[in-house]
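Participant: need a structure here:
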Amino acid sequence: MTQQFTNNLIHETSPYLLQHAHNPVNWFAWNEETLAKAKKENKLILISVGYAACHWCHVMEHESFEDVEVAQVMNSNYINIKVDREERPDIDQVYMNAVQLMTGQGGWPLNVVALPDGRPVWGGTYFKKEQWMQALEQIAELHAKKPEKLTEYADKLESGIKAVDLVKLNTDEAVFSKAIIEKAVNNWSSHFDHQEGGMKRAPKFMMPNNYHFLLRYAYQNKDEDLLKYVNHTLTKIAYGGIFDQLEGGFSRYSVDARWHVPHFEKMLYDNAQLVSLYADAFLLTKNELYKEVITETLAFVKSNLTNSEGAFYSSLDADSNNASGTLEEGAFYVWKKEELQKLLKEDFQLFSNYYNINVDGYWEHDNYVLIRKESDASFIKTHNITMEEFLQKKNTWKEILLTERNKRDKPRLDDKSLTSWNALMLKGYIDAYRVLGNKEYIDVAKKNANFILNKQLEADGRLFHNYKNGKSTINGYLEDYAATIEAFIALYEVTLNEKWLNTARDLANYSLDHFFDDQSKMFFFTSNLDASLVSRSIEYRENVIPASNSIMAKNLFKLSQYFDNIHFYKTVSTMLNNVKPEMQEYASGFSNWLDLMLNFTMPFYEVAIAGEDTSQKVKELNQTYLPNKLIAGSETKSKLPLLQNRFIKDKTMIYVCLNKACKLAVSKTEDAIQLLKE
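Facilitator: Okay, here's the model as predicted:
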């Protein structure tokens, strides 16, 4: 009979922590009591960070944390702390910086040994059982016999950690030019993969913000080659196995260079940002493939990642039980050829040609990952079939395979809701509505926005970070405020309900009060109300999600225009000037900052619409790709600075303004669009 274990994580709500609640390792959650216990017992702390959908986290759990022999070493010598990186990105960032300084690389699982005071002394990512035990025994012995050696190393490493995200105030004059952006893009372009799309590398992450910026930059500079590259990348991603060809929705990244075999976990934040990206790309190109991606992805989110309160869940696991009941990466998604032949019968050959059940679609162990190679128009021409007949077949194939797939054990769901990721998905729905006009999308958006307003926002202006089982927990991070402000501004621009704009401004003021660093003029990731960690980081480089500082800077730029707030504007200018020296050399890590710099170096318009037909004019305006504008509108009189004294009874007028100077008001949307394109 298998021995049953229970540890302190049994009292937690995080799905990731609960996955470890029955390990023989005596895990604790990160809290004041646990940290005090380490100090009192003078024990080293072992901090292990991961997340519920992480494949290699599961592998290390099975090999080491479920092993009684390993647990004995850990329990005897360490206070063992499990951290859900999604719940506590602040802790993750501190120890990730430490591991990157120590080893030159990072990732998850993230495993760190720290002194009883929390300062790291050793770490890495995934370890095999023997390596892990050997390292832990050696460090424990060193702590027992020569603790001063570890303290000396911790002192040095602490200085390094504090320097990693240190931003110095740039006292040079804030001068922004198109030449800076051009140089950054030129340096960046040498890494473009023009054959497969994306960057010349494997694995490949989608990095939606990179292509959002490049799409805008190419459009505003009439750079046809760059536009072609962006569209090629978006097409390749949509054709790849990284996009679930049956149900919609994106996996986190592909392990190969051609977007074929994904790391199968599906994260809310990827799907959110990709909906926004494909929405703008569709608006510019009217490519039906992009529309298909948007509608299928939102259908996936609705079916799999949405709760009855209108909140969005965090992720689906990479692993699921295979036919023999063992957790296996991708088991839910892959197909054997014989299985497909049996299900699709006489249609198998056509299906096989379309989804490449051949050397192109082959993965491993006789498994295939569905991948496309060409457009529907090209495919029907080659196979002498009408579009109507083909689309009917395609829908039938999907129905058959989804019915079969849903008989399998589904991947595990991480059902916590994070405010920052919810706000990204909220903006995805808003962007989809703005472009496609589907009323369902704006209804979902409003429901989620009200969830954030009613459940995650406190009376004192404070946001919570986490929501699970009806309970809001964990004081919000800068990412929560930045993403929520951005989404609420976007919601105002399509609904014209000033509640969302005013709430965005109030959240910005709260952020300035509790996150702003007077020395660097940037924002800390954590609030001044939070308990101190080894360092208080400033997140300013973009990753799979834009940096919280760059999102906040773009928010303040728009809010400065809406509320005629010079303090907001000066803050943005200083923040952008601070990162300017670094952004030219590593553009992909500063794409959101570069997007902001376009606002300073090329025309950025304020569009004010007043009158009873304002909502209709906004919808008409939104049918054209115009990334260099903000919209203010009201069907009645408004006190917003951009709308004051602009309401004329029985008329709807559009005012196109640049740097507070307005062109002659027009009543026709097409005339306003012409002014915006000049």
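
Participant: going forward, measure contacts and count neighbours with C-alpha atoms only.
Facilitator: Will do.

Participant: buried residues in stretch 337-345?
Facilitator: Neighbour counts over stretch 337-345 (16 or more other Cα atoms under 10 Å) mark 340, 344 as buried.

Participant: I'd assumed A71 was in contact with M133.
Facilitator: No - using Cα atoms under 8 Å, M133 makes no contact with A71, being 9.4 Å away.

Participant: which non-adjacent residue is nearest N578?
Facilitator: N170 (5.0 Å; Cα to Cα, 6 or more residues apart in numbering).

Participant: backbone dihedrals for the one you found, please?
Facilitator: Dihedral pair for N170: phi -90, psi 110, per degrees, to the nearest 10.

Participant: distance of it relative to T636?
Facilitator: N170 sits 44 Å away from T636, going by Cα to Cα, to the nearest Å.

Participant: so these two - more neighbours on which side?
Facilitator: Ranked by neighbour count (other Cα atoms under 10 Å), N170 and T636 place N170 first, with 17 against 14.

Participant: which residues touch the more buried one?
Facilitator: Neighbouring residues of N170 by Cα atoms under 8 Å, 6 or more residues apart in numbering: 574, 577-578.

Participant: tell me how far it lies from S520.
Facilitator: 8 Å.

Participant: picking that back up, out of the contacts of N170, who's nearest S251?
Facilitator: S251 has its nearest neighbour among the contacts of N170 in N578, at 34.1 Å by Cα to Cα.

Participant: I figured the closest one hits V167, correct?
Facilitator: Yes - contact criterion Cα under 8 Å: N578 and V167 qualify, at 7.3 Å.

Participant: more crowded one of those two?
Facilitator: N578 (22 against 19).

Participant: how about the backbone phi and psi for that one?
Facilitator: The phi/psi pair for N578 (degrees, to the nearest 10) is phi -60, psi -40.

Participant: one step back: retrieve the pLDDT associated with the residue nearest to N578.
Facilitator: pLDDT recorded at N170 is 94.

Participant: any low-confidence regions in the stretch 551-678 of the chain?
Facilitator: For the stretch 551-678 of the chain, no stretch is flagged by pLDDT under 70.

Participant: all helices of it, in order?
Facilitator: Taking DSSP state H, counting those that start in this stretch to define them, one finds helices in the stretch 551-678 of the chain at 566-583, 591-601, 614-621, 669-677.

Participant: ranking those by burial, who's on top?
Facilitator: Among the helices of the stretch 551-678 of the chain, ranked by average contacts under mean count of other Cα atoms under 10 Å, first place goes to helix 591-601 (a mean of 23).

Participant: return that helix as CSV; C-alpha atoms alone will do.
Facilitator: Output in CSV follows, covering the C-alpha atoms of helix 591-601 (Å, rounded to 0.1, in the frame of the first residue of the first chain):
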residue,chain,number,x,y,z
SER,A,591,9.1,46.9,-27.9
ASN,A,592,6.4,48.5,-25.7
TRP,A,593,8.7,51.4,-24.9
LEU,A,594,9.4,51.8,-28.6
ASP,A,595,5.7,51.8,-29.3
LEU,A,596,5.4,54.6,-26.7
MET,A,597,8.3,56.5,-28.4
LEU,A,598,6.3,56.5,-31.6
ASN,A,599,3.7,58.7,-29.8
PHE,A,600,6.5,61.3,-29.2
THR,A,601,8.2,61.1,-32.6
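
Participant: which strands and helices lie in contact with that helix?
Facilitator: Helix 591-601 sits against helix 178-189, helix 208-220, helix 548-562, helix 566-583, with contacts defined as 3 or more Cα pairs under 8 Å, 6 or more residues apart in numbering; DSSP states H and E.

Participant: now do the longest one against helix 591-601, angle only.
Facilitator: Comparing the axes of helix 566-583 and helix 591-601 via axes from the mean of the first three to the mean of the last three Cα atoms, to 10 degrees yields an angle of 120 degrees.

Participant: kindly export helix 566-583 (C-alpha atoms) in CSV.
Facilitator: C-alpha atoms of helix 566-583 as CSV (Å, rounded to 0.1, in the frame of the first residue of the first chain):
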residue,chain,number,x,y,z
ILE,A,566,1.1,67.8,-17.1
HIS,A,567,2.5,65.8,-14.2
PHE,A,568,1.5,62.5,-15.8
TYR,A,569,3.1,63.7,-19.1
LYS,A,570,6.4,64.7,-17.5
THR,A,571,6.6,61.4,-15.6
VAL,A,572,6.2,59.5,-18.9
SER,A,573,8.8,61.5,-20.6
THR,A,574,11.3,60.9,-17.8
MET,A,575,10.5,57.1,-17.7
LEU,A,576,11.1,56.8,-21.4
ASN,A,577,14.3,58.8,-21.2
ASN,A,578,15.6,56.4,-18.5
VAL,A,579,15.3,53.4,-20.7
LYS,A,580,16.4,55.1,-24.0
PRO,A,581,20.1,54.2,-23.7
GLU,A,582,19.4,50.4,-23.5
MET,A,583,16.5,50.1,-26.0
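
Participant: report the buried residues of the helix or strand where A377 lies.
Facilitator: Element membership for A377 (DSSP states H and E) is helix 376-383. Neighbour-count burial for helix 376-383, counted by 16+ other Cα under 10 Å, picks out 379-380.

Participant: neighbouring contacts of that helix?
Facilitator: 354, 386-387, 390.

Participant: so W132 sits in a helix?
Facilitator: Yes - counting by DSSP: H, G, I helix; E, B strand; the rest coil, W132 falls inside a helix.

Participant: how about low-confidence regions in this protein?
Facilitator: In the chain, residues with pLDDT under 70: 1-3.

Participant: show me it divided up by domain.
Facilitator: 8-164, 178-319+414-601, 333-407, 605-677 (automatic domain parsing).

Participant: just these: most buried one?
Facilitator: domain 178-319+414-601 (a mean of 21).

Participant: distance between the ends of that one?
Facilitator: Domain 178-319+414-601: ends 6 Å apart by Cα to Cα.

Participant: what about that domain, distance to the chain center?
Facilitator: In this view, domain 178-319+414-601 has its centroid 6 Å away from the chain centroid, taken as Cα atoms, centre = their mean, to the nearest Å.

Participant: now swap in stretch 57-65 and tell me
Facilitator: 26 Å.

Participant: same check, this time on stretch 352-365
Facilitator: 30 Å.

Participant: how about that stretch as CSV, C-alpha atoms only?
Facilitator: Written as CSV, here are the backbone C-alpha positions of stretch 352-365 (Å, rounded to 0.1, in the frame of the first residue of the first chain):
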residue,chain,number,x,y,z
SER,A,352,-3.9,14.1,-43.9
ASN,A,353,-2.9,16.4,-46.8
TYR,A,354,-4.4,19.5,-45.0
TYR,A,355,-3.0,18.8,-41.5
ASN,A,356,0.2,17.1,-42.6
ILE,A,357,-0.1,13.6,-41.1
ASN,A,358,3.3,12.9,-42.7
VAL,A,359,6.9,13.7,-42.0
ASP,A,360,6.0,17.4,-41.5
GLY,A,361,3.4,16.7,-38.8
TYR,A,362,5.3,13.8,-37.1
TRP,A,363,6.5,14.4,-33.5
GLU,A,364,7.6,11.3,-31.6
HIS,A,365,6.5,7.9,-30.5
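
Participant: who are the contact partners of K649?
Facilitator: G611.

Participant: make 832 the first number, not 1, from now on.
Facilitator: Noted, 832 is the first residue going forward, which turns the last one into K1480.
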